[in-house]
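> below are the sequence and a predicted model; questions follow.
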Amino acid sequence: MGLTIRPSNPALANVGRVLAANRDPLVRRWAGWIGERLAHAPHIKPLTVERQLALLIDVLVQMAGPLRRQVAELWFDACEFYGETAAARGLAAGEVVEEIQHLRELLIRDLSEVIAALPARHSMAVALRLNRQVDKGIAHAVVGYTDALVQILFAERGAPVALAGPEEEAILKRLEQFEAELLRLRGKAD
């Protein structure tokens, strides 16, 4: 299947540029909010979680671009992986949802002026698209979370086992794969 490059809606592209420009402060605020929960998972370093959050935002930025359909698959996979690592961090399913919901709140705060300045038809379309992508991300994170728990709980022929989750090195390796795929897709868009 070849890559289809579609022209971006100028309003969506503008929101993507603003989101890209605010990426680092957004990641810091999101990671700061999540930080308290990281104490429960000392086997997963806070910098690894920050890197995962940065990846999610980078993918979201690219979803405003010409390869949004191809990048959407990466978004789903990255969100599923986020759910898997959330299970390894010992979170409850509702907490996984809450963490990605917090991204929605941050996006609303950071992008509200830009979206409000758009013509009404464009601002509504952009707001709905962002919300739809966050909602789909939440659904995939819950799938990843549930799959990880089922795999862990029934690894011993149906007998529950201790929650082990992916090791730090495995998480980093998977993040590198996602980052490489995102870089490859960015190269196709240029």
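Nice, thanks for sending it over.
> relative to residue 23, how far out is residue 125?
Going from residue 125 to residue 23 by CB to CB, to the nearest Å gives 23 Å. Bear in mind the C-beta positions are built from the backbone N, C-alpha and C, glycine included.
> one more: residue 9?
Residue 9 is 20 Å from residue 23, by CB to CB.
> for whichever strand or helix holds residue 16, packing partners?
Residue 16 is part of helix 10-21, with elements assigned from DSSP states H and E. For helix 10-21, the packing partners by 3 or more CB pairs under 8 Å, 6 or more residues apart in numbering; DSSP states H and E come out as helix 46-62, helix 93-116, helix 120-153.
> need the winner for burial among those.
Of the helices and strands packed on helix 10-21, the one with the most neighbours on average (mean count of other CB atoms under 10 Å) is helix 46-62, at a mean of 20.
> tell me the angle it makes with helix 93-116.
If you take axes from the mean of the first three to the mean of the last three CA atoms, to 10 degrees, helix 46-62 sits at 40 degrees to helix 93-116.
> now do the helix or strand following helix 46-62 against helix 46-62, angle only.
Next along the chain after helix 46-62, taking DSSP H and E as the criterion, comes helix 68-88. Helix 68-88 and helix 46-62 are oriented at 160 degrees to each other (the same axes, to 10 degrees).
> return the distance of helix 68-88 from the chain's centre.
Chain-centre distance of helix 68-88: 6 Å, with CA atoms, centre = their mean, to the nearest Å.
> in it, what's buried?
68, 70-72, 74-88 (16 or more other CB atoms under 10 Å).
> cool, stretch 175-185 as well?
Neighbour count says stretch 175-185 has 175, 178-179, 181-182, 185 buried, by 16+ other CB under 10 Å.
> may I have that stretch as PDB, with CA atoms only?
Extracted in PDB, the C-alpha atoms of stretch 175-185 (Å, rounded to 0.1, in the frame of the first residue of the first chain):
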ATOM      1  CA  LEU A 175       9.900   3.600  21.700                       C
ATOM      2  CA  GLU A 176      12.900   3.600  19.400                       C
ATOM      3  CA  GLN A 177      10.800   1.600  16.800                       C
ATOM      4  CA  PHE A 178       7.900   4.100  17.100                       C
ATOM      5  CA  GLU A 179      10.300   7.100  16.800                       C
ATOM      6  CA  ALA A 180      11.900   5.500  13.700                       C
ATOM      7  CA  GLU A 181       8.600   4.900  12.100                       C
ATOM      8  CA  LEU A 182       7.500   8.500  12.800                       C
ATOM      9  CA  LEU A 183      10.800   9.800  11.300                       C
ATOM     10  CA  ARG A 184      10.200   7.600   8.200                       C
ATOM     11  CA  LEU A 185       6.700   9.000   7.800                       C
END
